[in-house]
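> got a structure for you, letters missing:
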């Protein structure tokens, strides 16, 4: 099953909402630091409601620490970015994909983008809107992957 990876997330309620989505879908959630908040942040906990026991949460202090886990487990890195080269609905997802999302203010760092096997974007009709909310983007990407894979 695809996994969600947040690289340097900054806003606790977004991460809490994503955790709730991951809990509802039994999707592993990987947080790659540095984070813009403490894991114990009350806004993070509030957004995740009482679903935290159902979140398969993994935390890595750095990108290097996360890379070690990825190397051991395999699968493709799929970076979601407004600068992506493939529309997310046109991409063929695989069960062992890692869906990577960057921080709310800067997106994925260039070194992560360059390490991705593919970069995907979620199309938006209004050119003056820079991006979707991070928790919305994760839900859109994850549910498209799940739809394609028959989950």
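Cool, the structure landed. Fair warning: this is a prediction, and the values are worked out from it, not measured in the lab.

> Could you pull up the residues touching residue 22?
Neighbouring residues of residue 22 by CB atoms under 8 Å, 6 or more residues apart in numbering: 4, 28, 29, 55, 56, 142. Bear in mind the C-beta positions are built from the backbone N, C-alpha and C, glycine included.

> Find me whatever residue is spatially closest to it, sequence neighbours aside.
Among residues not flanking residue 22 along the chain, residue 29 sits closest, at 4.2 Å (CB to CB, 6 or more residues apart in numbering).

> could you pull out the strands for this protein?
Along the chain, counting by DSSP state E, strands occupy 3-7, 28-32, 56-60, 77-80, 86-87, 98-101, 118-121.

> which other helices and strands contact the top helix by length along the chain?
When the chain is parsed with DSSP state H, its longest helix is helix 134-149. Using 3 or more CB pairs under 8 Å, 6 or more residues apart in numbering; DSSP states H and E, the elements in contact with helix 134-149 are strand 3-7, helix 12-25, strand 77-80, strand 98-101.
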